[in-house]
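Colleague: Have a look; sequence and predicted model below, questions after that.
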Amino acid sequence: MPPWPAGPAESPVLRALRALGSPLVNRLLGALELAVDGLPTAGAPTGVAGLLPPPPSGSVLYAGVYVGEDDEAGRAVTTLDQVRRGATTLVADLIWALAEHPRIAPLLTVAPDALTAPDAADAADAADAPTVRDAAAAEAAVAARHGAVHLALGVATAGVVLRELGVPGGGADAPAVIGVGLGAAVELLTNTPLPPAYAQVALARRRAEYLLPRTAHGQVHLAGHCFGMLEGAFPVAAVPGDGAFAGNGLVQVVPGGAVIRAGSAAAVVNVTTTVLAGPPEQVELVGWDEVVEVSWTAAAGGASVLGPARPGEPVEPGGLAQQTPPGPASTGYGCTQRAGTTRWRRQTRGRRTLPRRRHWRRPADTS
């Protein structure tokens, strides 16, 4: 096969199809083959053949030996790329254009009935929240529906285009139509954000999987003697100055969390976090030099204990990421539904000698 322009010897559609792997492609081919053979195209717009340069004139003999593990759909797309170069790219371009059409774009949005599990944000109490199994099923259902509608667009478009082109040698048969439609849909899905419905069910799953109590240990890098418990990245350019800690000397509330002054010259401090479902039976004071309690409004939830980003490393330390309950509301934990108020107690010992910190975080009292 001659090299594809500006790249390997495969079209972008064929490359996307091969990336899926033969088992999945074969399953989809078997599921859609009969439906594609009977796909009605009467009334579909015509004229797409004029968007491609004419095929070579005269008699042309194509012979090929397939070496490798290509499935039937992959072989059909490979042949189509050889016989009618540009056809698969045309299908992909049309799918992108159709996905933005005002009459088609709404059809690609996941319908509300795909949400098969209750939304934890609307639950009256923790007992009404979905189980991990239900939440995972709802997340999978939304993702599957999102993929299915884009696959339908891809296969339908490929069927119309390939039948009009009339490529000899099976260019409009089910394997070619499904292969081209599937590969083009994968290209589109790769560059299309998931629908808002997916964010809802993904949050419900994270909440269902979030168990209390929980404890984590780790290390965090300092910036200006500070680190944070934050919902976003560490605000390196917005580390509070000395005056910001005048209230208690240790903690300053900032949007999305709190910045903690370590009081240590060390580059790294050890941190322990403990998250409880409610207020502790008693406040642990023995062995701690200082104890400070502050509150902030959780806009997104899932706050992490972190320092500034370091080259080649993630912002969040692995063991201390996503420590607080996920979501803007922590239903059942004494927070309002729309904006969760977070109570957090910071306890410090060995402030001048050992760079060791312990942190305790709890939701606000229901009162």
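Modeller: Arrived safely.
Colleague: How far does the lengthiest helix in the chain sit from its chain's centre?
Modeller: The single longest helix within the chain, with elements called by DSSP state H, is helix 132-165. Offset of helix 132-165 from its chain centre (CA atoms, centre = their mean, to the nearest Å): 17 Å.
Colleague: If you average the pLDDT over it, what comes out?
Modeller: Helix 132-165 shows a mean pLDDT of 90.
Colleague: tell me which residues in the following helix or strand past it are buried?
Modeller: Using DSSP states H and E, the next helix or strand after helix 132-165 towards the C-terminus is helix 174-190. By 16 or more other CB atoms under 10 Å, the buried positions in helix 174-190 come out as 174-189. Where you see a C-beta, it was placed from the backbone N, CA and C, and this is true even at glycine.
Colleague: Could you let me know which of these ends up closest to residue 19?
Modeller: When the buried residues of helix 174-190 are ranked by distance to residue 19 (CB to CB), residue 186 comes first, at 7.1 Å.
Colleague: Is it correct that that closest one is in contact with residue 17?
Modeller: Yes: using CB atoms under 8 Å, residue 186 makes contact with residue 17 at a distance of 7.0 Å.
Colleague: So what's the residue count around residue 196?
Modeller: 10 (other CB atoms under 10 Å).
Colleague: where's it relative to residue 158, distance?
Modeller: Computed as CB to CB, to the nearest Å, the residue 196 to residue 158 distance reads 28 Å.
Colleague: cool, and residue 254?
Modeller: For residue 254, the distance to residue 158 - CB to CB - is 52 Å.
Colleague: which one of these two has more residues nearby?
Modeller: Between residue 254 and residue 158, residue 158 has the larger neighbour count (other CB under 10 Å), namely 33 against 17.
Colleague: doesn't residue 184 make contact with that one?
Modeller: Yes: counting by CB under 8 Å, residue 158 touches residue 184, with 6.8 Å between them.
Colleague: who touches both of the two?
Modeller: The contact sets of residue 158 and residue 184 overlap at residue 91 (CB atoms under 8 Å, 6 or more residues apart in numbering).
Colleague: okay, and for the chain, where does confidence drop off?
Modeller: Within the chain, the stretches falling below the threshold (pLDDT under 70) are 1-9, 55-70, 111-129, 169-170, 235-243, 263, 265, 309-319, 329-367.
Colleague: so who does the residue nearest to the spatial centre of the chain touch?
Modeller: By CA atoms, centre = their mean, the chain has its centre lying nearest to residue 194, at 7.5 Å. Contact analysis of residue 194 by CB under 8 Å, 6+ apart lists 142, 143, 146.
Colleague: what number of residues lie near residue 205?
Modeller: Around residue 205 there are 23 residues (other CB under 10 Å).
Colleague: what about it, distance to residue 142?
Modeller: 11 Å.
Colleague: next one: residue 180
Modeller: 26 Å.
Colleague: Likewise for residue 53?
Modeller: Distance, residue 53 to residue 142, by CB to CB: 41 Å.
Colleague: Please say which of these two ends up with more neighbours.
Modeller: residue 142 (25 against 9).
Colleague: Break the protein down into its structural domains.
Modeller: Domain ranges of the chain: 12-207, 212-363, per automatic domain parsing.
Colleague: next one: the first one to chain centre, how far?
Modeller: By that I understand domain 12-207. Per CA atoms, centre = their mean, the centroid offset for domain 12-207 relative to its chain is 19 Å.
Colleague: swap in stretch 248-255?
Modeller: 32 Å.
Colleague: And for stretch 253-264?
Modeller: 28 Å.
Colleague: cool, and stretch 297-312?
Modeller: 18 Å.
Colleague: For that stretch, buried residues please.
Modeller: 297, 298, 301, 302, 303, 304, 305, 306, 307, 308.
Colleague: which one of the residues you listed sits closest to residue 82?
Modeller: residue 302 (50.3 Å).
Colleague: for that closest one, what are its contacts?
Modeller: 206, 231, 322, 323, 324, 325, 326, 327 are the contacts of residue 302 under CB under 8 Å, 6+ apart.
Colleague: can we see that at 6 Å?
Modeller: Each residue near residue 302 by CB atoms under 6 Å, 6 or more residues apart in numbering is listed here: 322, 326.
Colleague: Next, it: phi, psi?
Modeller: phi 70, psi 40 (degrees, to the nearest 10).
Colleague: for residue 31, same thing?
Modeller: phi -80, psi -30.
Colleague: Which stretches in the stretch 201-350 of the chain count as strands?
Modeller: Along the stretch 201-350 of the chain, the stretches classed as strands by DSSP state E, counting those that start in this stretch are 214-221, 226-230, 251-254, 257-261, 268-275, 290-298, 304-306, 340-348.
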